[in-house]
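Let's see this in three dimensions:
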Amino acid sequence: MPSEPTMPRPSSSTDALRRLIGLRRLSIAAMFGVLLIVPWLLDIPLPGASLLPVAAALLVANGLTRLRLSRINDVSAAELFAQLCIDLAAWSAFLYFTGGATNPLISLLLPLVAIGAATLSAPYAWALAVLAVAAYSILWDFNEQLDIYDSGLAVHWHLAGMWLTFALSAGVIVWYVVRMTAVIRSRDQALAEAREARLRGERIVALGNLAAGAAHELGTPLGTMAILAGELARNPALDPETRADAALLGTQIDHCKAILGGLTLRAGSLRAEGGTTLPADAWLHGIIDRWRSLRPHVRLAARIDCGHPAPSLVADTTLEQAIHNLINNAADACPEGVECEAGSDGQHLVVRVLDRGPGIPESLQAGRELPPSLGAGLGIGLLLAFGAVERCGGHIAFAPRPGGGTIATLTLPIAALRP
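Numbering: from 1, shown residues only. All right, here's what the predicted structure looks like:
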């Protein structure tokens, strides 16, 4: 069955450029805020004819960057460097007309350097730092001073501006670094989950190879045993009770041969080998009935409601075995009886197995990699269940049951199960 096409996931570089666009909005707001507030609050005239084009140019650059970001899936390091240089040039021009290095807003060049260090490779980050230091040095001697009538008041407002600029710089740096750290944690988590899925897949492949080898090696001795059992069952010299035992032994040997023939399929073969198309409720009822016939001494209460009409799906043998394994684990934990609930929301088929056993280990509750041995009922069968369900795009989750016990929830996308 062909898989559905997926849209390309945005790269970390596009995420960095998206965050830079957000910070640039803050820069534009700060520039227009200075133009509006400083003359009114501090009674300091500003060269609006020179500053407005700088803020407007940065606004246009931000709009063009947003338009470009909507059309690309990746951004080169050189482009990120160029985008930061645009911000550096805009603030340098703004500071040139407002006192240069004497303007407390000069400290806003530092967040740009910090962002470059967190986003760019080492050569580009150092180049941006050199450009920022060069701009600071040039603005030290080359600038247009503002006309401030009271020198004492100028010093007071300069110190206040330095404090405000420091607070803004600290907030911007912390915000950006926290966002970057969250992205890195998310990426590491995704890599860890992919690594665990790959290791689990390797273990399933190894189990499949072992199953094929076991079926090949056990075929000959089972065939010999079947011949001997058949001869004993037909031997007139034996009493009828012994011949009946021999016939039963032959039946059990045939059953073992059938199980060996399906080992490779149970270990993760293709869905096409699994069976026919059935309504979801009929498929689930069949699984429940077969499990009851295998373990009649354990009470299983089943509630199945997949809607009317129930969605049709392929009777996948590996998924059937996965549900069997979940019910077996619950029955091993609580021989007094277990419950199974199944339903559909139109997009997902959800099967819940509930027991009143001692509970599930925290490693399974968190969905981490299965440990090598978890005791009876939580070994190879559960590993194969995880593999079969994940191959169809579903997942298995474990949670503690209120009042004691465990709830195992198997979720499958119906689209992946359709013929």
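
Residue 350 in helix, strand or coil?
When classified by DSSP: H, G, I helix; E, B strand; the rest coil, residue 350 comes out as strand.

show me what contacts it?
342-344, 409-412 (C-beta atoms under 8 Å, 6 or more residues apart in numbering). Using the backbone N, CA and C atoms, a C-beta is placed for each residue, glycine as well.

Kindly report the same for residue 295.
Residues in contact with residue 295 (C-beta under 8 Å, 6+ apart) are 328, 331.

how much space between residue 403 and residue 359?
Distance of residue 403 to residue 359, given as C-beta to C-beta, to the nearest Å: 11 Å.

no no, residue 385
18 Å.

Those two - which one has more neighbours?
residue 385 (23 against 16; other C-beta atoms under 10 Å).

does the more buried one really touch residue 320, like I thought?
No: with contacts counted by C-beta atoms under 8 Å, residue 385 stays clear of residue 320, the gap being 10.6 Å.

residue boundaries of the strands in the protein?
277-279, 300-305, 312-314, 338-344, 348-355, 395-400, 406-413 (DSSP state E).

now the fourth one and strand 406-413, what's the angle there?
For the pair strand 338-344 and strand 406-413, the angle between their directions (axes from the mean of the first three to the mean of the last three C-alpha atoms, to 10 degrees) equals 20 degrees.

Tell me the helices and strands packed up against strand 338-344.
Packed against strand 338-344 by the contact rule (3 or more C-beta pairs under 8 Å, 6 or more residues apart in numbering; DSSP states H and E) you find helix 280-294, strand 300-305, helix 317-333, strand 348-355.

Can you name every helix or strand that the first one contacts?
Helix 280-294 makes packing contacts with strand 300-305, strand 312-314, helix 317-333, strand 338-344 when contacts are defined by 3+ C-beta pairs under 8 Å, 6+ apart.

any chance of the ones you listed in TSV, with mean neighbour count too?
Shown next, in TSV, are those (neighbours: other C-beta atoms under 10 Å):
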stretch	mean neighbour count
strand 300-305	14
strand 312-314	19
helix 317-333	23
strand 338-344	21
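
Just give the nearest non-adjacent residue to residue 14, would you?
residue 75 (5.4 Å; C-beta to C-beta, 6 or more residues apart in numbering).

Can you report how many residues lie near that neighbour?
Neighbour count of residue 75, defined by other C-beta under 10 Å: 22.

just residue 170 next, same as before
13.

separation between it and residue 245?
Between residue 170 and residue 245 the computed distance is 86 Å (C-beta to C-beta).

again with residue 227
For residue 227, the distance to residue 245 - C-beta to C-beta - is 16 Å.

Between the two, point out the one with more neighbours.
residue 245 (15 against 12).

From residue 252, how far off is that one?
Per C-beta to C-beta, residue 245 is found 10 Å from residue 252.

And residue 108, by the same measure?
Taking C-beta to C-beta as the measure, residue 108 and residue 252 are separated by 82 Å.

same thing with residue 417?
Relative to residue 252, and taking C-beta to C-beta, residue 417 is found at 34 Å.

just to revisit the earlier point, from the contacts of residue 350, which two are the most distant?
Using C-beta to C-beta, the contacts of residue 350 reach their maximum pairwise distance at 344 and 409, which is 13.7 Å.

for stretch 185-194, the distance to its chain's centre please.
7 Å (C-alpha atoms, centre = their mean, to the nearest Å).

typo on my end, it should be stretch 317-335
Centroid separation between stretch 317-335 and its chain, computed with C-alpha atoms, centre = their mean, is 26 Å.

which residues touch residue 144?
Counting by C-beta under 8 Å, 6+ apart, the residues that residue 144 touches are 47, 96-100.

and those, which are buried?
Among the contacts of residue 144, those that count as buried by neighbour count (16 or more other C-beta atoms under 10 Å) are 96-100.

Show me which of those residues is closest to residue 63.
Among these, and counting by C-beta to C-beta, the member closest to residue 63 is residue 97, at 23.0 Å.

who are the neighbours in contact with residue 93?
residue 54.

do you know how far it is from residue 194?
The spacing between residue 93 and residue 194, counted by C-beta to C-beta, is 46 Å.

Provide the contact partners of stretch 397-412 at residue level.
Outside stretch 397-412, the residues that touch it by C-beta under 8 Å, 6+ apart are 319, 322-323, 326, 329-330, 333-334, 348-357, 359-360, 364-365, 367, 385, 389, 392-396.

Which residue ranges make up each domain of the protein?
12-149, 271-417 (automatic domain parsing).

Least confident of those, on average?
Lowest mean pLDDT within those: domain 271-417, at a mean of 79.

now that domain, how far from the chain's geometric center?
From the chain centre to the centre of domain 271-417 is a distance of 22 Å (C-alpha atoms, centre = their mean).

Now distance to residue 306 too, for the buried ones among the contacts of residue 144, in a markdown table please.
Output for these, formatted as a markdown table (distance: C-beta to C-beta, whole Å):
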| residue | distance to residue 306 |
| --- | --- |
| 96 | 71 |
| 97 | 71 |
| 98 | 69 |
| 99 | 73 |
| 100 | 73 |
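
Narrow the residues you listed to those in helices?
residue 96 (DSSP state H).

Just give me the closest of the buried ones among the contacts of residue 144 to residue 137.
Lowest distance from residue 137 to these (C-beta to C-beta) belongs to residue 100, with 10.4 Å.

For residue 136, see how far away that closest one is.
9 Å.

Need the residues touching each of these two.
residue 106.

what are the bridge partners for the residue nearest to residue 417 when sequence neighbours are not counted, then?
Nearest residue to residue 417 in three dimensions, chain neighbours excluded: residue 313, at 3.8 Å (C-beta to C-beta, 6+ apart). Note on residue 313: beta-bridge partners residue 278, judged by DSSP bridges.

which residues touch residue 313?
Taking C-beta under 8 Å, 6+ apart as the test, what residue 313 contacts is 277-280, 283, 349, 414, 417-419.

By neighbours, which of the residues you listed wins?
residue 283 (27 neighbours).

What about the nearest residue to residue 52 once chain neighbours are set aside, how many residues nearby?
Nearest non-adjacent residue to residue 52, counting by C-beta to C-beta, 6+ apart: residue 35, 6.9 Å away. Neighbour count for residue 35, taken as other C-beta under 10 Å: 18.

where exactly do the helices run in this protein?
12-41, 48-69, 77-96, 109-119, 122-141, 151-234, 240-261, 263-266, 280-294, 317-333, 362-365, 380-391, 414-417.

Now do the last one: which elements does it pack against?
Right, the one you point to is helix 414-417. strand 312-314, strand 348-355.

and with 7 Å instead?
strand 312-314 (3 or more C-beta pairs under 7 Å, 6 or more residues apart in numbering; DSSP states H and E).
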